[in-house]
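Student: here is my input, please return the structure:
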Amino acid sequence: MDITKKAKEEIDARLDKIESFIAKKGLGSKYLQKAQKTQRDINLALVLTGVITIVGIAFWLKGKNNEEE
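Tutor: You can find the predicted model right below:
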């Protein structure tokens, strides 16, 4: 059982290396890199928008509470 588990892990590791090689050098790799960069940029924009929204709401509520006093 231990030998089969080790063999499976080794095969999985080799497949991961082959897949990463194909992703970097294979057909369509430039498009994949562009898509990954675009996705990263979109994720950063969404996070920044969320943070700005939360900070804006916090300031608005703080100002609203100060007006009531």
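Student: what about this protein, any weak spots by pLDDT?
Tutor: For the chain, the stretches with pLDDT under 70 are 1, 68-69.
Student: biggest helix in it, by residue count?
Tutor: The residue-count maximum for a helix in the chain (DSSP state H) belongs to helix 29-68.
Student: what helices or strands is that one leaning on?
Tutor: Packed against helix 29-68 by the contact rule (3 or more CB pairs under 8 Å, 6 or more residues apart in numbering; DSSP states H and E) you find helix 2-25. Where you see a C-beta, it was placed from the backbone N, CA and C, and this is true even at glycine.
Student: residues in contact with the helix it packs on?
Tutor: With CB atoms under 8 Å, 6 or more residues apart in numbering as the test, helix 2-25 has contacts from Ser29, Leu32.
Student: tell me which residue is most central in the chain.
Tutor: When CA atoms, centre = their mean is applied to the chain, the residue found nearest the centroid is Arg40 (6.2 Å).
Student: if we can go back for a sec, and the angle from the longest helix of the chain to helix 2-25?
Tutor: For helix 29-68 against helix 2-25, the angle by axes from the mean of the first three to the mean of the last three CA atoms, to 10 degrees is 90 degrees.
Student: next, count neighbours for Leu32.
Tutor: Per other CB atoms under 10 Å, the neighbour tally for Leu32 reads 14.
Student: residues contacting it?
Tutor: Here Leu32 is in contact with Ala23 (CB under 8 Å, 6+ apart).
Student: now with 10 Å?
Tutor: Ile22, Ala23, Lys24, Gly26 (CB atoms under 10 Å, 6 or more residues apart in numbering).
Student: go through those and say which is closest to Gln36.
Tutor: Gln36 lies nearest to Ala23 out of the contacts of Leu32, by CB to CB, at 9.3 Å.
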